[in-house]
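> Structure for the following, please:
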Amino acid sequence: MSLLLNCDLGESFGAWKMGLDDQVMPFIDQANIACGFHAGDPVVIKKTLLAAKRNNVQVGAHPSYPDISGFGRRSMKIPAVELIALLQYQIAALTGMASNLGIEVQYVKPHGALYNDMMADGHIRSAVMEAISDCHQPLAFMLQATPNAEIHREEAKAFGLEVLFEAFADRCYDDNGALLSRVKEGAVHSKEKMLEQVIQLKQHGTVTTVSGHQLELHADSLCVHGDNIAGVNAIEEIRQLIQPSSHS
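Numbering: from 1, shown residues only. Okay, here's the model as predicted:
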């Protein structure tokens, strides 16, 4: 199984610094860049886009609910027509700034609570797909790889969208293919378990769930986190495990 590495970046805002973007960028393939509604500001967005360009990293828009004080981690009940407009506003901001720099945005990965809500609710997922499909340029849709991947692929196809399925290096999976809730013990893997899961995904296309079952996942990309130095070091190790010589 060939896996790319993606990471959420550009999440600083004003005087608030978040993440070690410059250290992460050389080791990833795809940068999910915050669009200003949960994190990021125009200066941070431009700086992150330029860093992606220097490191030959693909760029994706990382829009969220309008929740900057909650870092986009709180669910919001928003009518579909409003959610579509909110997403298109954020995507347009990133694609417009990227275009000024000669960069092509290639996909959209929703953030935080919006990501979780769309995975659980087909109506929200449809609104997200409609928002992406109506953008002025073709953009792929990144979402979680689950046992329902083929259903999600068909849903996206109805909107004319290509899908990119992602798995998570450091998260434990529930038996139904969802991520184990962070409130439960063992939801976030230790470094050792994370590296074991990466190897298992790479070699067998499976993860071991919380109860020990083997769950088949067809993932295109692996989500990693670089908000501390331990995370950056882990990304370096993951890079060596999955693609020893393809990215410098």
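> Which of the three states applies to Ala127?
Using DSSP: H, G, I helix; E, B strand; the rest coil, the structure places Ala127 in helix.
> pretty sure it is touching Ala85, no?
No - using CB atoms under 8 Å, Ala127 is not in contact with Ala85; the gap is 10.2 Å. For every residue, glycine as well, the C-beta is placed using N, CA and C.
> Those two: who's more crowded?
Ala127 (22 against 13; other CB atoms under 10 Å).
> so who does the residue nearest to that one when sequence neighbours are not counted touch?
Spatial nearest neighbour of Ala127, chain neighbours left out: Ala80 (4.2 Å); criterion: CB to CB, 6 or more residues apart in numbering. Ala80 makes contact with 123-124, 126-127, 130 under the criterion CB atoms under 8 Å, 6 or more residues apart in numbering.
> of those, buried ones?
Buried members of the contacts of Ala80, scored by 16 or more other CB atoms under 10 Å, are 124, 126-127, 130.
> Going by distance to Glu155, which of those residues wins?
Using CB to CB, Ser126 is the member of those that lies nearest Glu155, at 7.2 Å.
> Can you point out the helix or strand that includes the residue nearest to that closest one when sequence neighbours are not counted?
Spatial nearest neighbour of Ser126, chain neighbours left out: Glu155 (7.2 Å); criterion: CB to CB, 6+ apart. Here Glu155 sits within helix 149-158, counting by DSSP states H and E.
> what packs against that helix?
Packing partners of helix 149-158 (3 or more CB pairs under 8 Å, 6 or more residues apart in numbering; DSSP states H and E): helix 122-133, strand 163-168.
> neighbouring contacts of stretch 85-94?
Residues outside stretch 85-94 that contact it (CB under 8 Å, 6+ apart): 33, 35-37, 45, 49, 59, 61, 63-66, 78, 105, 108, 110, 127-128, 131-132, 134-136, 139.
> Please narrow those residues to those residing in helices.
Among the contacts of stretch 85-94, DSSP state H puts 45, 49, 127-128, 131-132 in helices.
> Point out where this protein drops to low pLDDT.
In the predicted model of the chain, residues 1, 14-16, 18-19, 227, 244-248 satisfy pLDDT under 70.
> check contacts around the residue positioned nearest the centre of the chain.
Nearest residue to the geometric centre of the chain (CA atoms, centre = their mean): Lys109, 5.0 Å. Applying CB under 8 Å, 6+ apart to Lys109 gives the contacts 6, 32, 60-62, 115, 142-143, 164, 166.
> Most neighbours out of those residues, which is it?
Ranking these using other CB under 10 Å puts His62 first, with 31 neighbours.
> What about His189, how many residues nearby?
His189 has 18 nearby residues by other CB under 10 Å.
> Would you agree it is in contact with Asp170?
Yes - counting by CB under 8 Å, His189 does reach Asp170; the two are 5.0 Å apart.
> and the angle for the helix ranked longest in the chain with helix 122-133?
Assignment by DSSP H gives helix 80-100 as the longest helix of the chain. On the basis of axes from the mean of the first three to the mean of the last three CA atoms, to 10 degrees, helix 80-100 is oriented at 30 degrees to helix 122-133.
> For stretch 232-242, buried residues please.
232, 234-235, 238-239, 241-242.
> Grab the nearest non-local neighbour of Asp134.
Gln88 (6.8 Å).
> Please report the distance of the one you found from His218.
Look at Gln88 and His218: by CB to CB, to the nearest Å, they are 29 Å apart.
> Of those two, which one has the most company?
Remark: of Gln88 and His218, Gln88 carries more neighbours, 17 against 14, as counted by other CB under 10 Å.
> And the residue nearest to the centre of the chain, how close does it get to Glu192?
From Lys109 to Glu192 the distance is 27 Å (CB to CB).
> Repeat that for Lys47.
According to CB to CB, Lys47 and Glu192 sit 34 Å apart.
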